[in-house]
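Q: no FASTA, just this:
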């Protein structure tokens, strides 16, 4: 008996036959669910980061502070809406909407559970599905960048424009890695339908290792660990979250693309960001963590994958993925932009391409040569792994050749282990410094005048005068005053 199988597993033939009011309930339910998950994610993030930093998080609004995100949303909705004078008003107004709608639309193909009964109608817990359902999510995530780019351009300011350009380069770069990471899932599942990918993870894989047969894990996160790691890294960059939140880098771009936004438009950008977090977390649960199916050992229970229980397992997986997002924000510092782009193009994309080649080769050899899983791993997987490791070793040695040579010279007793630094200091010029002190160009530093005296504040009472005629600096506290002391000298 297969404990993971479910008779209520929906297929592509089950979609497109719902009555109109069931479709309306699903649409309203998904939208309300995403708004609730956004409010939950904001409070959850602030609570978790506060716990990591050993401080008190939100604790005033509502029970234990859990209504704080709702209060913040209402505050943003009723704040004054400011329109910049140089903004392109139609595009400025539509940009937050363009960023939010694709984020909500992408959740329409995410399976939330099996076939259930809603007011007597049997229907899957999923709005719709298609043979290319995963590509719908990728297309919606690609459309979201238009709202961010248009927001930066239409604001009529320099910092939002730079933030929009950064975001465009970042999202395009890491979307390529994200798309390549799930190709191996398509090869294993044999489909791009989200509901059928969940069904492909329902039963354990029958593996044979030189005649010894056993049932292996079914989650693609275990079968395809490289794809799962690449996807987890790429979606952090895709959603502009720390440590990849460079489009919103406050140290050099103030707020990034939404610097000139306020009120409800600013809230829409926040909604789009957190809905994207929930969507990519739900997609990770669908593609790699078995979807709505209960994990082991809960799956031993016969009713774990029937009825409304799978909705609970699914959102527990989503909350765990959201926790990882928050964990990264509270742990890692922000990357430098050139390091960030180099990592995406020179590490993630080549690794994903090599991994796709390895997975396709192993599956083709297993099918054509009729070999067992252990034989394919021994005769194909091990040689490919050795070639990849050798390539990485050679590339690493070539990249670190200059550093290695300087270290060898230093170990051999060279006087100058490194090249002298170029002269970058400005030429000497007139400045106030003690006589005979070296200038900045002569390895000195600018020194303030040593006889500096700070005049008293005109808002304070008269201060006593020192013996050399200089005013004594006050502590800033006002003493008893009189008209004689304030209006004239005594």
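A: Looks like it came in fine. Since the model is a prediction, treat every value here as computed from it, not as a measurement.
Q: so where do the strands sit in this protein?
A: For the chain, the strands defined by DSSP state E occupy 113-118, 121-125, 205-209, 212-216.
Q: Pick out the shakiest of these, pLDDT-wise.
A: Among the strands of the chain, strand 205-209 has the lowest mean pLDDT, at a mean of 63.
Q: residues contacting residue 327?
A: Shown in contact with residue 327 (CB atoms under 8 Å, 6 or more residues apart in numbering): 48, 52. Every C-beta, even on glycine, is put in place using the N, C-alpha and C of the backbone.
Q: Read off the pLDDT value for it.
A: For residue 327, the predicted pLDDT is 92.
Q: how close does it get to residue 286?
A: Distance of residue 327 to residue 286, computed by CB to CB, to the nearest Å: 21 Å.
Q: which stretches of the stretch 251-400 of the chain aren't confidently modelled?
A: Scanning the stretch 251-400 of the chain with the threshold set as pLDDT under 70 gives 251-253, 372-375, 377-378, 399.
Q: Would you indicate which residues of the longest helix anywhere in the chain are buried?
A: When the chain is parsed with DSSP state H, its longest helix is helix 20-52. In terms of neighbour count (16 or more other CB atoms under 10 Å), helix 20-52 has its buried residues at 25-26, 30, 34, 37-50.
Q: and what of stretch 285-305?
A: Applying 16+ other CB under 10 Å to stretch 285-305 flags 285-294, 299, 304-305 as buried.
Q: want to try TSV for those residues, with distance to residue 321 as columns?
A: Listed next are the buried residues of stretch 285-305 as TSV, based on distance: CB to CB, whole Å:
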residue	distance to residue 321
285	7
286	11
287	12
288	10
289	8
290	13
291	13
292	14
293	16
294	17
299	20
304	20
305	20
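Q: Greatest separation within those residues: which pair is it?
A: Longest distance between any two of the buried residues of stretch 285-305 is 20.6 Å, between 287 and 304; criterion CB to CB.
Q: Near residue 309, how many other residues are there?
A: Neighbour count for residue 309, taken as other CB atoms under 10 Å: 17.
Q: so it sits right up against residue 303, yeah?
A: Yes - shown here, residue 309 and residue 303 form a contact pair, counting by CB atoms under 8 Å, at 6.6 Å.
Q: orientation of the longest helix of the chain relative to strand 121-125 in degrees?
A: On the basis of axes from the mean of the first three to the mean of the last three CA atoms, to 10 degrees, helix 20-52 is oriented at 40 degrees to strand 121-125.
Q: chain center to helix 20-52, what's the gap?
A: The chain centre lies 18 Å from the centre of helix 20-52; the measure is CA atoms, centre = their mean, to the nearest Å.
Q: Likewise for stretch 70-77?
A: Centre-to-centre, stretch 70-77 and its host chain are 23 Å apart (CA atoms, centre = their mean).
Q: how about that stretch: buried residues?
A: Buried, per 16+ other CB under 10 Å, within stretch 70-77: 72, 73, 76.
Q: now residue 242: how far from residue 345?
A: Distance from residue 242 to residue 345, by CB to CB: 20 Å.
Q: Between these two, which has more neighbouring residues?
A: Neighbours were counted for residue 242 and for residue 345 using other CB under 10 Å; residue 242 has more, 18 against 13.
Q: isn't the more buried one right up against residue 334?
A: Yes - here residue 242 reaches residue 334: they are 6.4 Å apart, a contact under CB under 8 Å.
Q: Quick check: end-to-end length of stretch 73-85?
A: By CA to CA, to the nearest Å, the extent of stretch 73-85 from end to end equals 26 Å.
Q: Now do the contacts for residue 401.
A: Contacts of residue 401 (CB under 8 Å, 6+ apart): none.
Q: hmm, back to that, now do the longest helix of the chain: which elements does it pack against?
A: Contacts defined by 3 or more CB pairs under 8 Å, 6 or more residues apart in numbering; DSSP states H and E place helix 20-52 against helix 68-77, helix 89-105, strand 121-125, helix 263-288, helix 309-331.
Q: that older thread, kindly reformat the buried residues of stretch 70-77 as a markdown table containing distance to residue 234 and pLDDT.
A: Formatted as a markdown table, those follow (distance: CB to CB, whole Å; pLDDT from 0 to 100):
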| residue | distance to residue 234 | pLDDT |
| --- | --- | --- |
| 72 | 29 | 90 |
| 73 | 29 | 88 |
| 76 | 30 | 88 |
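Q: got those residues as JSON lines, with distance to residue 264 columns?
A: As requested, the buried residues of stretch 70-77 are exported to JSON lines (distance: CB to CB, whole Å):
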{"residue": "72", "distance to residue 264": "13"}
{"residue": "73", "distance to residue 264": "9"}
{"residue": "76", "distance to residue 264": "6"}
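Q: what is the orientation angle of the longest helix of the chain with helix 68-77?
A: Using the same axes, to 10 degrees, helix 20-52 lies at 110 degrees relative to helix 68-77.
Q: model confidence over helix 20-52, on average?
A: 93.
Q: could we number from 860 for the rest of this?
A: Let's use 860 as the start, then, which means that last one is helix 879-911.
Q: quick one, that helix and helix 1122-1147 angle?
A: Using the same axes, to 10 degrees: helix 879-911 against helix 1122-1147 is 100 degrees.
Q: quick one, helix 879-911 and helix 1168-1190 angle?
A: Going by the same axes, to 10 degrees, helix 879-911 makes 40 degrees with helix 1168-1190.
Q: now the angle from helix 879-911 to strand 972-977?
A: 130 degrees.
Q: Run the chain-centre distance for stretch 1143-1153.
A: 20 Å.
Q: List the backbone torsions phi and psi for residue 1163.
A: Backbone torsions for residue 1163, taken as degrees, to the nearest 10, come to phi -70, psi -30.
Q: Surely it and residue 1155 touch.
A: No - shown here, residue 1163 and residue 1155 do not form a contact pair, counting by CB under 8 Å, at 9.9 Å.
Q: The closest residue to residue 1085 other than its chain neighbours: how many residues sit nearby?
A: Leaving aside its sequence neighbours, residue 1085 sits nearest to residue 1214 (CB to CB, 6 or more residues apart in numbering; 4.6 Å). Per other CB under 10 Å, the neighbour tally for residue 1214 reads 22.
Q: Quick one: residues contacting residue 1214.
A: Applying CB under 8 Å, 6+ apart, the residues near residue 1214 are 1043, 1085, 1086, 1089.
Q: for the second one, what are its contacts?
A: Residues touching residue 1085, when contacts are defined by CB under 8 Å, 6+ apart, comprise 1043, 1210, 1211, 1214.
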